[in-house]
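Chemist: mind looking at a prediction? Sequence and model below.
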Amino acid sequence: MQNVRVRFAPSPTGYVHVGSLRTALYNFLFARHHKGKIILRIEDTDQSRYVEGAVDNLLDSMKWCGLEFDEGPQQGGEFGPYYQSQRLDIYNKEINKLIEADKAYPCFCSQERLDKIREEQANANLPIKYDGHFRNISPDESLKRMKSEAYVIRLKIPAPGETKVHDIIRGEVVFQNNLLDDQVLIKSDGFPTYHFANVVDDHYMQISHVIRGEEWLPSTPKHILLYEAFSWKLPEFAHLPLLLNADRSKLSKRQGDVAVEDYRRKGILPEALVNFVALLGWHPDDDQEVFSYNGLIEKFTLERVNKAGAIFDMDKLYWFNGGYIRNLSQEDYLKKGLKWLVNESLDTGSDEKNNNILAAVRNSLNTFSDIKEKVQLFYADKIEEYSEEASSWIRLDDSKSVFKAMIIEIDKYSELSLEEFKAIMKDVQKNTGVKGKELWMPVRAAITGTTEGPELPTVISVLGKEKIRQFVLQAIER
């Protein structure tokens, strides 16, 4: 495949939706797989929806996820500018061509008239579309009225007939032209609509493949008709499946976190998020699930993208992330973990103690934001809550005698190292006759409040004598 050029073209309207991340990722993987180029274009012609800081947030999120663009607002390139609001002269030149060729026309309808048409069509169960009222007025009358009246520019949709979309993922999709609207190309404020600017820019930027969400599939025949009106070569199209909640409703912020920055704040690693998102609608030709960036680039093809919507399983994302946390190098894990300790005001001031605390909880983390909850044991003055299983071990008949024997042995030492703790437990076993799980599980339950979690030797090394003594006394009272 030669000269692959794809684009990611978001509008700066707020946060970066995880669906937008997937669109950007699939474009990136497709471009890299075919040794092509990926372009970032900011579609900001709808000034009413522009959100200050949205572009910076977008660029930061893409960088955090490891997605690099070959052309765009930061890198520049020979097909710029890469903000649509800076390309108005191009749109004006192209719309004039369509008007002169009688393929577009000015429409002077008021909003009140358009609303009335829609209401009448709805009451009659007819397709909601513009009725072509100004479609055939003379050029002289149009020019005269354009000097004094507000207007939009509409495309003349050819009818009858049909428009076929050849989609890489969905095959051939056919649309009837008589159901299509004479779409607005230039709004009354002089700015182009999304559809017009999108087609013009894709042509000027030599986009070979348009890869976007399936919500844009119904707009594609309008885009194709624009290409045909200009006699331009069509790109290839691929429309990605929707992202869905577990109940198969469309993934939206109303039902939970959907923004890249939300997952970042939760302590999701970018590599884990990218790996997880890559599998939302695409699957390799084997059962592999864990991929590096290079592994995704090597295996990704649009032909293996599903048509059906993809369920966004939050539990699976956490599972992915937990695996990535455990696969970090020790140095990288401690570096990232320390940032979370500092952010949560849990820095002990001792590198050794910080490292021991982080090492103790590593295997129980699914996200770095779990650290706050998982490390509470090391900062608490008492066990706030025992798990049900821990309580059952503490209440065993032999447990109280084990705890009392522990206090006697602990008081023989001024400090409590791991080696000394082992010696204490050996003497407790000798003096009580309790051994195995009946010895160690009640002790773990007393010291940690649970029967799972951090390795006991690490807990001992961090807590020290006084806290261990205090927690054992608390278990005796319980």
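Modeler: Received the coordinates, thanks. Numbers count the residues shown, from 1 in each chain.
Chemist: helix, strand or coil for Phe237?
Modeler: Under DSSP: H, G, I helix; E, B strand; the rest coil, Phe237 falls in the strand class.
Chemist: so who does it touch?
Modeler: Val165, His166, Asp167, Ile168, His209, Val210, Thr220 (Cβ atoms under 8 Å, 6 or more residues apart in numbering). Yep, even glycine has a C-beta here, placed from its N, CA and C like the rest.
Chemist: contacting residues around Ile8?
Modeler: For the record, residue 8 is Phe, not Ile. Ser20, Thr23, Ala24, Asn27, Phe28, Ile38, Ile39, Leu40, Arg41, Phe69.
Chemist: for Glu344, state which of those is nearest.
Modeler: Glu344 has its nearest neighbour among these in Ser20, at 29.8 Å by Cβ to Cβ.
Chemist: show me the contacts for the residue lying closest to that closest one once chain neighbours are set aside.
Modeler: The shortest distance from Ser20 to any non-neighbouring residue, by Cβ to Cβ, 6 or more residues apart in numbering, is to Pro10 (5.7 Å). Shown in contact with Pro10 (Cβ under 8 Å, 6+ apart): Val16, Ser20, Ala24, Ile42, Glu43, Leu58.
Chemist: in the stretch 251-400 of the chain, where is pLDDT below threshold?
Modeler: Within the stretch 251-400 of the chain, the ranges that satisfy pLDDT under 70 run 253-256.
Chemist: average model confidence for the lengthiest helix in the chain?
Modeler: The helix spanning the most residues in the chain, taking DSSP state H as the definition, is helix 456-477. Averaged across helix 456-477, pLDDT comes to 88.
Chemist: identify all contacting residues around that helix.
Modeler: 353, 356-357, 359-360, 377-378, 381-383, 394, 399-400, 403-404, 406-407, 410-411, 413-418, 421, 440, 442-448.
Chemist: for Phe471, which non-adjacent residue is spatially closest?
Modeler: Take Phe471 and drop its neighbours on the chain: the residue closest to it by Cβ to Cβ, 6+ apart is Ile447, 5.1 Å away.
Chemist: of the contacts of Phe8, keep whichever come out buried.
Modeler: Buried by 16 or more other Cβ atoms under 10 Å: Ser20, Thr23, Ala24, Asn27, Phe28, Ile38, Ile39, Leu40, Arg41, Phe69, out of the contacts of Phe8.
Chemist: the nearest residue to Pro218 once chain neighbours are set aside: neighbour count?
Modeler: Closest residue to Pro218 apart from its sequence neighbours, by Cβ to Cβ, 6+ apart: Phe175 at 7.8 Å. Neighbour count for Phe175, taken as other Cβ atoms under 10 Å: 18.
Chemist: picking that back up, roughly how far is the longest helix of the chain from the heart of the chain?
Modeler: Offset of helix 456-477 from its chain centre (Cα atoms, centre = their mean, to the nearest Å): 42 Å.
Chemist: from here on, call the first residue 41.
Modeler: Renumbered: residue one is now 41, and that last one reads helix 496-517.
Chemist: give the contact list for the nearest residue to Gln87 once chain neighbours are set aside.
Modeler: Setting aside the residues directly before and after it, Gln87 is nearest to Phe231 in space (Cβ to Cβ, 6+ apart), at 7.0 Å. Shown in contact with Phe231 (Cβ under 8 Å, 6+ apart): Thr85, Asp86, Gln87, Ser125, Leu128.
Chemist: tell me the two of these that are most distant?
Modeler: Using Cβ to Cβ, the contacts of Phe231 span at most 13.5 Å, a distance reached by Asp86 and Leu128.
Chemist: who has more neighbours, those two?
Modeler: Set Asp86 next to Leu128 and count neighbours by other Cβ under 10 Å: Asp86 wins out with 19 against 15.
Chemist: read off the pLDDT value for that one.
Modeler: Listed pLDDT for Asp86 reads 81.
Chemist: residue contacts, it?
Modeler: Residues near Asp86 by Cβ under 8 Å, 6+ apart: Ser51, Thr53, Phe231, Tyr234.
Chemist: any idea which of these is least confident?
Modeler: Thr53 (86).
Chemist: could you measure from the nearest residue to that residue once chain neighbours are set aside over to Tyr234?
Modeler: Excluding its sequence neighbours, the residue lying closest to Thr53 (Cβ to Cβ, 6+ apart) is Arg89, at 4.7 Å. The gap separating Arg89 from Tyr234 is 11 Å, by Cβ to Cβ, to the nearest Å.
Chemist: look at Gly307 and say how many residues are nearby.
Modeler: Counted with other Cβ under 10 Å, residues neighbouring Gly307 total 20.
Chemist: got the phi and psi for the residue nearest to Gln87?
Modeler: The phi/psi pair for Phe231 (degrees, to the nearest 10) reads phi -90, psi 150.
Chemist: tell me the spacing between it and Ser125.
Modeler: 8 Å.
Chemist: for those two, list the residues in contact with both.
Modeler: Shared contacts of Phe231 and Ser125, counting by Cβ under 8 Å, 6+ apart, come down to Thr85, Gln87.
Chemist: in contact with Ile130, which residues?
Modeler: Val240, Tyr244.
Chemist: distance check, it against Glu506.
Modeler: Using Cβ to Cβ, Ile130 is found at 74 Å from Glu506.
Chemist: check which helix or strand Pro261 maps to.
Modeler: Here Pro261 sits within helix 260-270, counting by DSSP states H and E.
Chemist: residues in contact with that helix?
Modeler: Applying Cβ under 8 Å, 6+ apart, the set of residues contacting helix 260-270 is 134, 137-138, 141, 143-144, 195, 197-198, 203, 205, 207, 213, 215, 217, 220-221, 223, 225, 235-236, 238-239, 243, 273-274, 277, 279.
Chemist: mark which of these are buried, thanks.
Modeler: The neighbour-count test (16+ other Cβ under 10 Å) marks 134, 138, 143-144, 195, 197, 203, 205, 207, 213, 215, 220, 223, 225, 235-236, 238-239, 243, 277, 279 as buried among the contacts of helix 260-270.
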